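Chemist: Starting from these lines, generate the structure:
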Amino acid sequence: MSAGMPLASVKSQIFESVLGFLPDWVQITVLALIVLAVVASWVVKIKRKIAYRRAVRNGRPIHAAAQHGQGSGADHLGAYAPQPNSPAPQAARQPSGADHLGQYAPPRRQGGADQRDPQPSGADFLGAYAPQPRQGDGPA
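Modeler: The predicted model follows:
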């Protein structure tokens with residue numbers, strides 16, 4: 001790349017040299033496909049602009065992403081899209097991993113829980129593998 005040659009000229013020379021190795025029918029096909037791609041992008045852009053103007057004129061709500069020509073995944077949900085009039089289910093609490101343990105879940109303490117230790121410790125879940133308390137040890 002010489003210092004006196006502009007960058008656009010270098011790019012066009014590279015493009016011409018690559019096409020120069022191809023037969024004439026391939027060169028014409030490649031150039032036609034490039035022109036077709038440019039024209040197709042213009043057509044798509046004009047169609048989106050027309051649809052946007054029609055939506056504004058008719059007073060329909062327009063998504064912020066659709067204003068810039070990009071839809072979101074929610075636009076393609078169809079029958080699975082959430083209905084605006086249906087109330088959302090209100091759960092009292094979120095389920096945790098312990099809700100799915102079944103028979104392996106630790107037993108729950110009933111009303112007479114120890115006031116000094118309201119939260120179960122890791123030893124409560126060890127069962128037979130828990131260390132046995134010694135004679136002199138006790139809660140402090």
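Chemist: make it CA atoms for all contacts and neighbour counts henceforth
Modeler: OK.
Chemist: Select the longest helix from the chain.
Modeler: For the chain, the longest helix by residue count, based on DSSP state H, is helix 24-58.
Chemist: Against which helices or strands is that helix packed?
Modeler: Contact here means 3 or more CA pairs under 8 Å, 6 or more residues apart in numbering; DSSP states H and E; on that basis helix 24-58 packs against no helix or strand.
Chemist: Next, the buried residues of it.
Modeler: Neighbour-count burial for helix 24-58, counted by 16 or more other CA atoms under 10 Å, picks out Gln27, Arg48, Tyr52.
Chemist: Just the closest of these to Ala81, please.
Modeler: Among those, Tyr52 lies closest to Ala81 (CA to CA), at 22.0 Å.
Chemist: what's the burial count for Arg134?
Modeler: 7 (other CA atoms under 10 Å).
Chemist: any idea how far it lies from Val26?
Modeler: According to CA to CA, to the nearest Å, Arg134 stands 90 Å off from Val26.
Chemist: For Leu19, which residues are in contact?
Modeler: Listed by CA atoms under 8 Å, 6 or more residues apart in numbering, the contact partners of Leu19 are Gln27.
Chemist: Distance check, it against Ser12.
Modeler: The separation that Leu19 has from Ser12, given CA to CA, amounts to 11 Å.
Chemist: Just name the shakiest helix or strand of the protein by mean pLDDT.
Modeler: In the chain, the helix or strand scored least confidently by mean pLDDT, DSSP states H and E is helix 64-67, which has a mean of 50.
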